[in-house]
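>>> quick check, what structure comes out for this input:
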Amino acid sequence: QVQLVESGGGLVQPGGSLRLSCAASARTYSNYAMGWFRQAPGKEREFVAAIRWSNYYADSVKGRFTISRDNTKNTVYLQMNSLKPEDTAVYYCAVRVSPFYSDYDYNKERSYDFWGQGTQVTVSS
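Numbering: from 1, shown residues only. The predicted structure follows:
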């Protein structure tokens, strides 16, 4: 069992920046895939970014968001720049601990085993 706790959300003006953090209760090895998803009101949860050996991004955030990790702190980050109102959502982090990756799709919720409770990001003037 791995517990994930997100932090860093809040209210920011359009064009602003936020950095989200996701701290894991257990050691997160560099070969564990970790991801960020988001869910806006009235919409389904969608993929934002993932990291394992490479970084992956949704087209809507490419060039604005950066995912990174610090395995010494068991933490994954999401640096969000040039925020837009359409980025408003609850942001969730997730981790895959299964050692098998033959069925891994970085942008699919089913690829991840544990999820955090989410942190609200609101982009508004």
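
>>> how about the residue sitting nearest the centre point of the chain, what does it touch?
Compute the mean C-alpha point of the chain, and by CA atoms, centre = their mean the closest residue is residue 36, 1.9 Å away. Contact partners of residue 36, counting by CB atoms under 8 Å, 6 or more residues apart in numbering, are 20, 22, 48, 49, 50, 67, 76, 78, 91, 92, 93, 94. Using the backbone N, CA and C atoms, a C-beta is placed for each residue, glycine as well.

>>> could you report the neighbour count for residue 29?
Other residues near residue 29 come to 9 when the count uses other CB atoms under 10 Å.

>>> tell me the secondary structure for it?
Local secondary structure at residue 29 is given as coil here, using DSSP: H, G, I helix; E, B strand; the rest coil.

>>> am I right that it is in contact with residue 72?
No: here residue 29 lies out of contact with residue 72, judged by CB atoms under 8 Å, at a distance of 11.5 Å.

>>> find the nearest non-adjacent residue to the residue nearest to the centre of the chain, please.
In space, and not counting its chain neighbours, residue 36 is closest to residue 48: 4.3 Å by CB to CB, 6 or more residues apart in numbering.

>>> in the strand or helix carrying the one you found, what counts as buried?
Using DSSP states H and E, residue 48 falls within strand 46-51. Buried residues in strand 46-51, counting neighbours by 16 or more other CB atoms under 10 Å, are found at 47, 48, 49, 50, 51.

>>> make CSV out of those residues and add distance to residue 83 and pLDDT.
CSV is the format used below for these (distance: CB to CB, whole Å; pLDDT from 0 to 100):
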residue, distance to residue 83, pLDDT
47, 18, 98
48, 12, 98
49, 14, 98
50, 20, 97
51, 20, 95
